[in-house]
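> Let's see this in three dimensions:
(one chain, ligands or ions: 2)
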Amino acid sequence: MTVRPSRSALYIPGSKERALNKARALPVDIILFDLEDAVAPDEKDNARKGLANALADGGYGVRQRIVRINGLDTQWGKADAAAVKDMACDAVLLPKVNSAADVDALAALVPDLPIWAMMETPQGILNAADIAAHPRIAGFVMGTNDLAKDLGAQGRTAMITSLQLCLLAARAHGIVALDGVYNAFKDEEGLRAECADGRAMGFDGKTLIHPAQVAICNAVFGPTPEEVDLAERQIAAFDDAMAAGQGVAVVDGKIVENLHIETAQATLAKAKAIAELEAT
Ligand SMILES: CC(C)(COP(=O)(O)OP(=O)(O)OC[C@H]1O[C@@H](n2cnc3c(N)ncnc32)[C@H](O)[C@@H]1OP(=O)(O)O)[C@@H](O)C(=O)NCCC(=O)NCCSC(=O)C[C@H](O)C(=O)O
Ligand SMILES: [Mg+2]
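Ligands and ions are numbered 1, 2, ... in the order given. I've put the predicted structure just below:
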């Protein structure tokens, strides 16, 4: 089983040279190089050029490099799409995706790169299944700030239906799903709780805005030693049960069936992939 960890995805403003440099040494799984909301209108053209140069210089190691462009309905979107084709990146992230037709429009301009979709508009959420089914889509990124704005909503509870609709769509179509950002970047306990909530919902990881958030996010979205130990014991107990002609084992007073073994194997595969990543 091949697994690519997607625990932490850090936004880096494409216009901030120091942040672009710092990211080369951060233990983050995904870098979201931003040309959209983190870049002021007057800086857009310079940010596009500076980002292309930073990516060409390299040094981002095995981290997945994803460039968030401006929407194609903005004055910068088409130039971003044209530029991203030649950038040394792994995927392109389209903001404010409303429909699969929006993905078609970018796919026509950028023929080769996988496309990720920001899920952050009411229309986009309602069309999540169609968007996730698009053959070029590789991942969803929740945009909870824009969504809260458009819904006139406040707080995590107001996001739950939208988060779950996107997760259902992502799981139905086998793509990655990343939770939204936690804006209070100095509040470690609040971040930890929201990471745990996102993981419990089924997200693969969380988007971040500051390097100080990376360690907590990686820890919460990675399997704990206890989870690895349980997975190993479940697999061993199930193997013994099968050898004895039984289809069910019992571990820690709970039944273990084939479906639990699939989860246990996924846990071990994720732990192995993280260990390999962290050894590089
Ligand atoms: C939030 C910040 C503006 C804070 O910046 P700053 O005051 O510079 O923080 P620090 O002084 O604590 O920084 C310490 C060092 O870390 C580097 N740094 C800071 N942020 C980043 C980062 N994101 N990536 C890499 N490196 C970073 C600083 O350069 C300092 O380095 P050094 O001087 O060498 O020690 C700032 O963190 C920031 O701009 N964050 C990103 C904001 C952003 O990207 N916003 C857009 C994405 S969120 C969004 O749009 C979600 C979605 O669309 C939605 O709708 O919800
Ligand atoms: Mg947004």
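> Alongside ligand 2, which residues does the chain contribute?
By the rule Cβ under 5 Å from the ion, the part of the chain lying against ligand 2 is 120, 143, 146. C-betas here are computed from N, CA, C, even on glycine.
> For the second one, which non-adjacent residue is spatially closest?
Counting by Cβ to Cβ, 6 or more residues apart in numbering, Glu120 is the residue found nearest to Gly143 once chain neighbours are left out, at 2.6 Å.
> And the one you found, its phi and psi?
phi -160, psi 10 (degrees, to the nearest 10).
> Check the one 3 residues further on too.
With angles defined as degrees, to the nearest 10, Gln123 shows backbone torsions of phi -60, psi -40.
> List the contacts of the closest residue to it other than its chain neighbours.
Distance criterion Cβ to Cβ, 6+ apart; nearest residue to Gln123, sequence neighbours excluded, is Asn98 at 4.1 Å. Going by Cβ atoms under 8 Å, 6 or more residues apart in numbering, Asn98 touches 121, 123-124, 127.
> what number of residues lie near the nearest residue to Tyr60 once chain neighbours are set aside?
Of all residues beyond its chain neighbours, the one nearest Tyr60 is Arg24 (5.8 Å), with distances taken as Cβ to Cβ, 6+ apart. Using other Cβ atoms under 10 Å, Arg24 is surrounded by 14 other residues.
> same check, this time on Lys78
For Lys78, using other Cβ under 10 Å, the count is 15.
> quick one: low-confidence ranges for this structure?
Along the chain, segments meeting pLDDT under 70 span 1-2.
> Could you list the domains of it?
The chain breaks down into these domains under automatic domain parsing: 8-221, 225-279.
> Just give me how far the shortest one sits from the chain centre.
In this case it means domain 225-279. From the chain centre to the centre of domain 225-279 is a distance of 25 Å (Cα atoms, centre = their mean, to the nearest Å).
> for the domains of the chain, which one ends up most surrounded?
When those are scored by mean count of other Cβ atoms under 10 Å, the highest mean neighbour count falls to domain 8-221 (a mean of 19).
> Next, see if it gets close to ligand 1.
Yes - remark: domain 8-221 sits within contact range of ligand 1 at 10-13, 18-19, 22-23, 34, 37-38, 118, 120, 143-146, 180-181, 185, 209-211, by Cβ under 6 Å from any ligand atom.
> Could you pick out the longest helix of the protein?
For the chain, the helix with the greatest residue count under DSSP state H is helix 258-279.
> what's that helix in contact with?
By Cβ under 8 Å, 6+ apart, helix 258-279 touches 1-5, 7, 27, 29, 62, 222-223, 227-228, 230-232, 234-235, 238, 247.
> hang on, the earlier thing: which SS state does the residue nearest to Gln123 fall under?
coil (DSSP: H, G, I helix; E, B strand; the rest coil).
> Ala153 too?
coil.
> Likewise for Lys206?
What three-state DSSP gives for Lys206 is strand.
> Surely it is in contact with Ser6?
No - contact criterion Cβ atoms under 8 Å: Lys206 and Ser6 do not qualify, at 9.5 Å.
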